[in-house]
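K.L.:
Provide a 3D model corresponding to the input given below.
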Amino acid sequence: MCAARPANDRDITNDQTTNAMVDHHALDGRELAGHLGRALDWMRQHPDATPARAVIIYAWNENDEGGWLVPTLGEGTARLDALAKVLKDKPHGKGE
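P.N.:
Numbers count the residues shown, from 1 in each chain. Sure thing, here's the model as predicted:
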């Protein structure tokens, strides 16, 4: 059985589409939760700019690109657990 490694774990030094140097950094659960918390705060502070009251999280399954939420063998459900805590702790709906 072959275990694929994410692109950010391999020695990738430039972006093939722009030929620019790229620093790949996969966020851990704590960092991801911090971004979500700030997005929810911004949404709450700018209700006219966010009538849908929605935050989009890119790539729930882009494991190869470093953007994933799905459980993994290495992290388990750490990312999902961190996001769940933010969503439970921060009011974000219309009925807040």
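K.L.:
and the residue nearest to Leu27 when sequence neighbours are not counted, what element?
P.N.:
Once flanking residues are discounted, Leu27 sits nearest to His35: 7.3 Å by Cβ to Cβ, 6 or more residues apart in numbering. (Each C-beta comes from the backbone N, C-alpha and C, glycine too.) Using DSSP states H and E, His35 maps to helix 29-45.
K.L.:
and what of Leu83?
P.N.:
Using DSSP H and E, Leu83 falls within helix 78-89.
K.L.:
what packs against that helix?
P.N.:
Packing partners of helix 78-89 (3 or more Cβ pairs under 8 Å, 6 or more residues apart in numbering; DSSP states H and E): helix 29-45.
K.L.:
how far away is Thr50 from Met43?
P.N.:
5 Å (Cβ to Cβ, to the nearest Å).
K.L.:
below-threshold pLDDT in the chain: ranges please.
P.N.:
Applying pLDDT under 70 to the chain picks out residues 1-25, 91-96.
K.L.:
same thing but 50
P.N.:
For the chain, residues meeting the criterion pLDDT under 50 lie at 1-5, 12, 21.
K.L.:
got a list of what Glu62 touches?
P.N.:
Listed by Cβ atoms under 8 Å, 6 or more residues apart in numbering, the contact set of Glu62 reads Trp68.
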